[in-house]
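>>> here's my sequence, what's the structure:
(chains A and B)
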Amino acid sequence: MSFESLNMASSLLRSSRIGMDTAGRNLAGSSEAGYTRQSMSTTALQPSTGWNGQTVTSGLGVQVNGVSRARQGLADQVYRMRAEDAGGPQALDSLLDDLEGRLSANDGLQQAGLDFEQAWTTLQNQPDDTALRSQALQEGKQLADTFRQQSQLVADVRGQARTQMSSNVERANQILGNLADLNKRIVSSPGNTMGRNTLLDQRDAMLDELSGMMDFRVAEQPSGAINLYQSGNELLNLEKAETLSLDSNGNVNTSQGRSLSLGSGSLSALEKFSTTTLDGFQAQLDGLATTLRDRFNEIHALGYGSDGLTGRNFFSGTGAADLAVALGGPDELATGVARSESSAPIALTTSTPLNGQGAFAASGTIDINGVSLAWNDGQSLDSILTSFGAAGVKASYDGSSHKVVLARDPSVAGPATISISDTSGNLAAMLGLPASSTPGGAGDNAGAVALVQRLTRPVFGQSANRTLTDGGRDLIVEAGRQRSLQMSQMEATQSALGAATERRNQASGVSTDEELLSLERYQQAFEAAARVASVADETITTLIRMGGN
Amino acid sequence: MRVDDATSRNAILSHLQDSNARMFKLQQQASSGSKYLRPSDNAPGYERRLDRSADLSRLDSLASNLTQESDRVDRYDSILGEFTETIRSARQVVQRATNAATDPAALASMAKEVDLMLQNTLGQANVNDHGRYLLAGSKTAAPPFVATPPDGTIQSVSYAGDHSFQAPQLPNGQQLDMDLNGEAVLGDTFQTLIDLRNQLQSGSVDSATLLPRLASLEQNFLEKRAETGAAGKYLGELKQITEERRLTVEAQQSNEAGADPAETITKLLEAENTHQMNLQVAARVGRLSLIDYLK
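Numbering: from 1, shown residues only, chains lettered A, B, ... in the order given. Presented below is the predicted three-dimensional model:
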């Protein structure tokens, strides 16, 4: 027992106290987000010359090297890669939820299209029913309204995505600013101290958060500071942080105006969502709206309203955002068409050749709406009337009244009226057909029938193979598919992120049990060291007294 | 493997969130009776649900339209039945007039009877059903038959409608083969009745001419009734097929998208038990220690 024993006891007391402080700090930090478990590192003291000039080789004690963080670089890298993967699906969660929920509410465009179709289906049997006409008009307005609402919905979601991007960019700038500040403080703080470890924890937490937004590379400097690089751009150089901005196209630019290539993460996902997914939905909506407008109008404009007027479009607007009903009232619904019929009964057999049937024994051409149609006496009246279809006219022979009845077929382009002239052969004169048509009566449904057929036939969609209701359904299902894909991606990436977190926590996380044991161990070591110091002190005191005597 | 506090907490929270989400979904299924609440639950299944909903809606609409058209055809059949009866009565008048040719008073009485038939037939021909003149072709807004003079003894009746009868529309752009415009239905009924009345008034009935004309008219009415009868029968069959199809689609919809109540409730109870167990585990693991208290 010598003065060296007192030195040894002193070093043990010091290391035990630092050990207890470290365990206490770990216990206190166990519930702090981003806290890294710390541990004290010690080394045995090297041999030295004692007070009497002799070399002391035993019982020298320990030296505390510092308190270090239990951090693994690889685990951090893996965690940040996973956080970057998880950032995209996470950022789109509420946006796609909103899009899906609102596009599919009340079966959305499919139901509005179906209601419109059914209103016309009912109207075609009772075109003279004012209530049904009003209902068809109202359903048209409702359909146009649904288009406008859904277009506005896409715009709203785009606005939300933009706001989210903007707030991400703002947060990224804050993080870069904070990292620059931390760089400064870390460089000036002494190594392996709890204070420096706290700064490093803060830095890691910010890098973790930034990794959810974008892909970046960290380069640690010998001083302990870090630089950050993103697609060849320097985001952070020691104490100098880049200021990012968001342009109107959704690109994230540096202060020099260079666009970042975001890779993955929330910013990239939001940018792609705006430019690909939402543009796709808007294009689908606009496609359906313009097809509806054009294909419905081209038939409607050839029909007659119950007010006897023609040439009116049903829908107006340039796309889904401003689609509207262009009609003023239910009388303007073009349920009828132009009609002509024989002025007097005709006595002939319709299915036998004209030759020999009195005045019809002839040949020539008849001009209907500018289309010249040849006929001859070898043809039956039936076959001649069928040929009128080429001029957009449905012709039939009423066997009871013995009259030829012509109705304009609005599904064939051309003028709304029927104009007939005999180029040669006097067929029109012989059939008693007038030169020009008149509108059908209030009960005329030929226009409505053509419009129902247009609505129920596959003329919508990019390949013109969808009905209007199919198109509406496709929008809802596509939103569901996108949402489902995002949810499964989110589940997978969150699961991977959870595994990476767990792996990182295996090294860096605090275990209360472990820390309590450490605390116990250091407490006992402290008591033992105190006992050693006390014994050494008593021994030396005794020796000094003995020497004095 | 080191197990730290955060890992334990995260695992417990994750289990609690999972069991809570599962319970919530099952509760929604139980309350709505549907397996797919949103398209993302099962996009192909939801697509089929939407298709079947549209099918059901169209079938409902079709059934309603078929009922209305069936009623309309019945209305035509009833009018044609009355015309047939009128013509049969007129034939009987001709026969009676032939037998009582020498009694001017009897002939005058018969003339009045025929005039009444004429007026009734005109009324029937201009029948208006909910604002629509049934025998006007497409010109349903105005009475199709116009008597001259408008008041007093009818001297002639002209047709003001057209020959564009709107036959009931069927699915897929088809329509029933019917032509019931006024002229096609009534032909020269009015002129025949006017001639008969005039001959009765003059005391000389040309039964040899009138009886074939009346027989021809009756034949025409019978043929038109056959048309309406066939149309009514076809519409009835179509309605039945529509109803059967509706039941089939409804069953398919229920099998595909409907949540079985017993199965859902059982799963819900199971999920509730799991959640309770997770809560107990969380309570035990998360119980505060002395150290937590000291902190």
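>>> mean confidence score for the longest helix seen in chain A?
Longest helix in chain A, counting residues (DSSP state H): helix A:130-188. Taken as a whole, helix A:130-188 carries a mean pLDDT of 96.
>>> go ahead and name everything in contact with the helix or strand following it.
Downstream of helix A:130-188, the next assigned helix or strand under DSSP states H and E is helix A:194-211. Judged by C-beta atoms under 8 Å, 6 or more residues apart in numbering or on different chains, the contacts made with helix A:194-211 from elsewhere in the structure are A:21-22, A:25, A:33-36, A:38, A:67-69, A:71, A:76, A:79-81, A:83-84, A:87, A:171-172, A:175-176, A:178-179, A:182, A:185-186, A:189-190, A:216, A:218, A:224, A:226, A:228, A:265. To be clear about C-beta, it is placed using only N, CA and C from the backbone, and glycine gets the same treatment.
>>> any idea how far A:S383 lies from A:T352?
Relative to A:T352, A:S383 is positioned 11 Å away (criterion: C-beta to C-beta, to the nearest Å).
>>> for the residue nearest in space to the middle of chain B, give me its contacts.
In chain B, the centroid-proximal residue (C-alpha atoms, centre = their mean) is B:N65; its distance is 2.2 Å. Each residue near B:N65 by C-beta under 8 Å, 6+ apart is listed here: A:121-122, A:125, B:169.
>>> ditto for A:L114
Contact criterion C-beta under 8 Å, 6+ apart gives A:469, A:472, B:54, B:57-58 as the residues in contact with A:L114.
>>> can we see that at 6 Å?
A:469, B:54, B:57 (C-beta atoms under 6 Å, 6 or more residues apart in numbering or on different chains).
>>> can I get these in CSV including neighbour count, pLDDT and secondary structure?
Converted to CSV, the contacts of A:L114 look like this (neighbours: other C-beta atoms under 10 Å in any protein chain shown; pLDDT from 0 to 100; DSSP: H, G, I helix; E, B strand; the rest coil):
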residue, neighbour count, pLDDT, secondary structure
A:T469, 27, 93, helix
B:A54, 22, 93, helix
B:S57, 18, 92, helix
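>>> now B:E113, nearest residue through space, not along the chain?
On the basis of C-beta to C-beta, 6 or more residues apart in numbering or on different chains, the spatially nearest residue to B:E113 that is not a chain neighbour turns out to be B:V93, at 6.3 Å.
>>> correct me, but that neighbour touches B:M110?
Yes - applying C-beta atoms under 6 Å as the test, B:V93 and B:M110 come out as touching, 5.2 Å apart.
>>> can you pull up the residues of the stretch 1-150 of chain B that come close to chain A?
By the rule C-beta under 6 Å from any C-beta of the partner chain, the part of the stretch 1-150 of chain B lying against chain A is B:2, B:4-7, B:39-40, B:43, B:46-47, B:50, B:54, B:57, B:61, B:65, B:69, B:132, B:138-141.
>>> neighbours around A:L278, how many?
A:L278: 18 surrounding residues under other C-beta atoms under 10 Å in any protein chain shown.
>>> now do the one 10 residues further on
Counted by other C-beta under 10 Å, the residues lying close to A:L288 total 26.
>>> same check on B:N172?
8.
>>> so where does the one residue in chain A that gets nearest to chain B fall, helix or strand?
Each residue of chain A has a distance to chain B, by C-beta to the nearest C-beta, and the smallest belongs to A:G480, at 2.3 Å. If you go by DSSP H and E, A:G480 is part of helix A:468-508.
>>> could you list every helix and strand in contact with that helix?
helix A:73-103, helix A:108-123, helix B:5-32, helix B:43-99 (3 or more C-beta pairs under 6 Å, 6 or more residues apart in numbering or on different chains; DSSP states H and E).
>>> and the angle for that helix with helix B:43-99?
160 degrees (axes from the mean of the first three to the mean of the last three C-alpha atoms, to 10 degrees).
>>> how far off centre is helix A:468-508?
Offset of helix A:468-508 from its chain centre (C-alpha atoms, centre = their mean, to the nearest Å): 12 Å.
>>> ok, residue 23 - contacts?
Unless you meant another one, I'm taking chain A. A:A23 makes contact with A:515, A:518-519 under the criterion C-beta under 6 Å, 6+ apart.
>>> the chain in question should be chain B.
Contact criterion C-beta under 6 Å, 6+ apart gives B:271, B:275 as the residues in contact with B:M23.
>>> any idea how far it is from B:E272?
When B:M23 is compared with B:E272 (using C-beta to C-beta), they lie 6 Å apart.
>>> swap in B:T192?
When distances are taken as C-beta to C-beta, B:T192 and B:E272 turn out to be 84 Å apart.
>>> again with A:P190
In this structure, A:P190 lies at 56 Å from B:E272, with C-beta to C-beta as the measure.
>>> low-confidence ranges in the chain?
Using chain A. Residues of chain A that meet the criterion pLDDT under 70 lie in A:1-2, A:50-52, A:56-59, A:549.
>>> my question was about chain B
Low-confidence segments of chain B, defined by pLDDT under 70, span residues B:100-101, B:286-295.
>>> what's around the closest residue to chain A within it, how many residues?
Of all residues in chain B, the one sitting closest to chain A is B:P39 (2.3 Å; C-beta to the nearest C-beta). Burial measure for B:P39: 28 neighbouring residues, criterion other C-beta under 10 Å.
>>> what of B:D129?
When counting by other C-beta under 10 Å, one arrives at 13 neighbours for B:D129.
>>> for A:G263, which non-adjacent residue is closest in space?
Spatial nearest neighbour of A:G263, chain neighbours left out: A:D215 (3.2 Å); criterion: C-beta to C-beta, 6+ apart.
>>> wait, the residue of chain A closest to chain B sits on B:L37?
No - counting by C-beta under 6 Å, no contact exists between A:G480 and B:L37, whose distance comes to 10.9 Å.
>>> about what we covered before: out of the helices and strands packed on helix A:468-508, which is closest to B:A282?
Closest approach to B:A282 among the helices and strands packed on helix A:468-508 (C-beta to C-beta): helix B:5-32, 4.7 Å.
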